[in-house]
Structure formats: structure tokens, C-alpha cells
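> Build me a model from this:
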Amino acid sequence: MDEKLLISVLKQLENLFISVNDGNNIANLDFYFRKIRVDLTSQNFNNFEDIKREINGLYGGMGSFSDIVLYKNGVLLIEENNKLHQLKSELFKIVNDLER
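Residues are numbered from 1 along each chain as shown. Next up, the predicted model:
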């Protein structure tokens, strides 16, 4: 697995959610991606399958990570949503195509 690429995508997601956070439905996603990133970089980390399962769990069901649309102060954020779509796709591909 390319941990550096995965960590980079997680950091970009974290920063994106921090930049658009207006206190609504994405309030904890920056923290969530930071936690996964910190877990991956921990010297004690040795269970990629748990991380893989956790990340894949984000993509299922109504109201999931797949369904997020970014707004700030009621305004649709076109560029940020395009970036989010790209990062969601990258994250899914990295986690499911690469093995540790």
C-alpha cells in the first residue's frame, strides 16, 4: 500500500472540511480523517484491514460520505465539491486497489 499517498489524501480531506466547515453536517469529518491519518502514522500501527474497513464503511447507505455536498452560508461550493469528488474517488481507489 502506498501509505504516503493515502496520508496525503486524508490530509487534503481534513483541510477541505476545515476550510468549509460552517457547523453543519461536516463538523466532525475533519477530526475523523485526522484520526485515521494519525493512526496510520503511529509507530504502533499494524492493522491496515481495520482502516480499510472503516474507510469503506464511509461509502455506504443514504446520508453517507458519498452523499455529502458542500455548502457554506447556504451557497453551493462548486470548486470545493469538485475537489471533494476527486478526493473521495482517490481515497476509495487507494484503499481498495493497494495492499499492505
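> where exactly do the helices run in this protein?
Applying DSSP state H to the chain gives helices spanning 3-20, 29-41, 48-57, 78-97.
> Just the buried residues of the last one, please?
Within helix 78-97, the residues that qualify as buried are Glu80, Asn81, Lys83, Leu84, Leu87, Lys88, Glu90, Leu91, Phe92, Ile94, Val95, counting by 16 or more other Cβ atoms under 10 Å. In short, each C-beta sits where N, CA and C put it, glycine included.
> how far away is the first one from Gly63?
Which is Glu80. Glu80 sits at a distance of 19 Å from Gly63 (criterion: Cβ to Cβ, to the nearest Å).
> Now mean pLDDT and distance to Lys72 too, for the helices of the chain, in JSON lines please.
Below are these laid out as JSON lines (pLDDT from 0 to 100; distance: least, Cβ to Cβ, whole Å):
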{"stretch": "helix 3-20", "mean pLDDT": "90", "distance to Lys72": "5"}
{"stretch": "helix 29-41", "mean pLDDT": "85", "distance to Lys72": "14"}
{"stretch": "helix 48-57", "mean pLDDT": "84", "distance to Lys72": "25"}
{"stretch": "helix 78-97", "mean pLDDT": "93", "distance to Lys72": "8"}
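> still on that earlier bit, of the buried residues of helix 78-97, which is the nearest to Phe45?
Taking Cβ to Cβ as the measure, Phe45 sits nearest to Val95 out of those, at 14.8 Å.
> Correct me if wrong: the closest one contacts Ile55.
Yes. With contact defined as Cβ atoms under 8 Å, Val95 reaches Ile55; the gap is 4.9 Å.
> All set, thanks.
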